[in-house]
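A.B. asks: sharing a model prediction with you, sequence too.
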Amino acid sequence: MSRSLMILKSIRSKVKTSLAVVGFGTSLYGAYQINDFMKHGVSSNKKGGTKKKNILVLPFHRMKIVEQKKTTNNIISSLLNSTSGGERVVEVEIRDLVDMIHAAASDPDIVALYGTFGQGHQFQCGGYAHVEEIRNAIRVFNESHRRHDKKSGDGDGSKDGSRDGEEVLPTQKFSYAYADTFDNPTDPGNKEYFLASAFSQVHMQPRGNMNLFGVSMSNFFLSNFFQNHGVKIHVHKHGKYKNAPNSATETGYTRAHRENTMAIVESINNTVYASIGQSRQLPLVFNGKVWKDIHSFGTMTADNAQEIKLVDHLPSIDPFSDLVAVNASRVGESDKLRQKWKSILENQPAFQGSSFLNMSKYSKILKKRKKWQEVKGKWFRKVDFGASRSTATEVLLNCMGYSSPYFFFDKKDVE
């Protein structure tokens, strides 16, 4: 009996040793596989082992900015949602567009934004709130080379143009806008130019025009219509500035209604002008009186717009395909293109892009990256669980230089 017990103990001891060896080998193999797995992430633009410097194209002349997309198969709707050149207008949710620009700001593969505005009357959006959201996102992109130190206080700035509490990185990103014209006859406030002015550089075709007539509002009054058809309108409102029912009860503006409307118009105009002045770095002489003079001036030519620094360059054709080719072509071809666009290349920030990237393709890249982030999160949880339950796994990871709590993962990938 005792001999049998000894044999059983001996077998159990050998089994434990064998399992430990198998566990150690499995941990070693697992660590190797995970290490190899983590080296192969989603790369957006690797070709031949080198990364391209992409320019994200934002075709605003083919966009309809909405809060939420509506899926319709209506043929009439499809015909209406097309530009004069036959290009299809694409519905884009404002949140998706803003998130994409923010992602491009932190993406080292994206070096610039390129916004196109076409004939200046094709951009569709829900109003100035949408334009301001996009402008703010573009500003984030333009300022993405700055890193703020929250512990530092406010200051007047330093010699390199940075403000106190900021670290300026060498890889500054720029944004470029191009339009044939900015003279939308249906939008005197010119949302297209208001948006384009947020870009680092604004280019317009020399035969183009610019309208900046100021924001306006209109109301319709149906009181006479209802009276002629025997309709009586009964409205109860509290306060003379509650003007919503006036369209049904009045024949024109009351004093309070006019005052209310003018205050709204003036507020929006002031916001638009202050934003344009800041993003275009216009001199302080551009005060309210100057903007009123611009309203009264009427339609400005391209030369007029460039003279008062609302536009940077007036190329006869869209130059950006050639500017990209300068960086992507062979030396001989590149020199010819540099000579062709010498006036632009000498008077604007360094143009680094060598490849265009459209929104559709970049959206797919971002989805792949998001999925990859989720995969890395799952692997982190598995590695963390394995290291907490197996001393051998933890020792192996430490030997490979991967210590807890993040191992070989980036902190941002697991938080």
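C.D. replies: Nice, I can see it.
A.B. asks: quick one: the helices in the stretch 51-200 of the chain, in order.
C.D. replies: Along the stretch 51-200 of the chain, counting by DSSP state H, counting those that start in this stretch, helices occupy 75-80, 94-105, 128-142, 191-196.
A.B. asks: contact partners of the last one?
C.D. replies: Outside of helix 191-196, the residues that reach it under the criterion C-beta atoms under 8 Å, 6 or more residues apart in numbering are 60, 115, 117, 120-121, 123, 125, 128, 131, 134-135, 177, 179, 182, 184, 202, 210, 212, 272, 275-276, 310. Backbone N, C-alpha and C define where each C-beta goes, glycine included.
A.B. asks: give me the subset of those residues lying in strands.
C.D. replies: 115, 177, 179, 202, 210 (DSSP state E).
A.B. asks: show me the contacts for the nearest residue to the third one once chain neighbours are set aside.
C.D. replies: It stands for A179. Leaving aside its sequence neighbours, A179 sits nearest to F117 (C-beta to C-beta, 6 or more residues apart in numbering; 3.7 Å). Going by C-beta under 8 Å, 6+ apart, F117 touches 60-61, 123, 177-180, 182, 192, 195-196.
A.B. asks: please repeat the previous calculation with a cut-off of 10 Å.
C.D. replies: 58-61, 123, 177-182, 184, 192-193, 195-196, 202, 204 (C-beta atoms under 10 Å, 6 or more residues apart in numbering).
A.B. asks: how close does it sit to P188?
C.D. replies: Noted for F117: a distance of 17 Å to P188, by C-beta to C-beta, to the nearest Å.
A.B. asks: repeat that for Q172.
C.D. replies: 35 Å.
A.B. asks: beta-bridge partners for the nearest residue to H313 once chain neighbours are set aside, please?
C.D. replies: Nearest non-adjacent residue to H313, counting by C-beta to C-beta, 6+ apart: H203, 4.8 Å away. With DSSP bridges as the criterion, H203 is bridged to Y178, H313.
A.B. asks: can you give me the neighbour number for H203?
C.D. replies: 22 (other C-beta atoms under 10 Å).
A.B. asks: hang on, it packs against A179?
C.D. replies: Yes: counting by C-beta atoms under 10 Å, H203 does reach A179; the two are 7.6 Å apart.
A.B. asks: I'd like the distance between G126 and M63.
C.D. replies: 12 Å.
A.B. asks: and these two? which has more neighbours close in?
C.D. replies: M63 (21 against 13).
A.B. asks: which residue packs closest to the more buried one, ignoring adjacent ones?
C.D. replies: In space, not counting the residues next to it along the chain, M63 is nearest to V92; the distance is 5.1 Å by C-beta to C-beta, 6+ apart.
A.B. asks: neighbours around the one you found, how many?
C.D. replies: Residues near V92, counting by other C-beta under 10 Å: 22.
A.B. asks: pretty sure it sits against I65.
C.D. replies: Yes: V92 is within contact range of I65, at 5.8 Å (criterion: C-beta under 10 Å).
A.B. asks: anything in contact with each of those two?
C.D. replies: Common neighbours of V92 and I65 (C-beta under 10 Å, 6+ apart) are 124-125.
A.B. asks: so where's the stretch 101-250 of the chain shaky on pLDDT?
C.D. replies: 120, 147-170 (pLDDT under 70).
A.B. asks: go with 50
C.D. replies: Counting by pLDDT under 50, the stretch 101-250 of the chain shows low-confidence ranges at 148-162.
A.B. asks: repeat that for the stretch 251-400 of the chain.
C.D. replies: For the stretch 251-400 of the chain (pLDDT under 50), the answer is none.
A.B. asks: can you give me the strands in it?
C.D. replies: 300-301, 355-357 (DSSP state E, counting those that start in this stretch).
A.B. asks: who are the packing partners of the longest one?
C.D. replies: Under the contact criterion of 3 or more C-beta pairs under 10 Å, 6 or more residues apart in numbering; DSSP states H and E, strand 355-357 touches strand 54-59, strand 110-116, helix 320-328.
A.B. asks: do the first one as well
C.D. replies: The elements that strand 300-301 packs onto, with contact taken as 3+ C-beta pairs under 10 Å, 6+ apart, are strand 209-210, helix 302-307.
A.B. asks: right, and these - which one's nearest N54?
C.D. replies: Evaluated over the helices and strands packed on strand 300-301, closeness to N54 peaks at helix 302-307, with 29.0 Å, by C-beta to C-beta.
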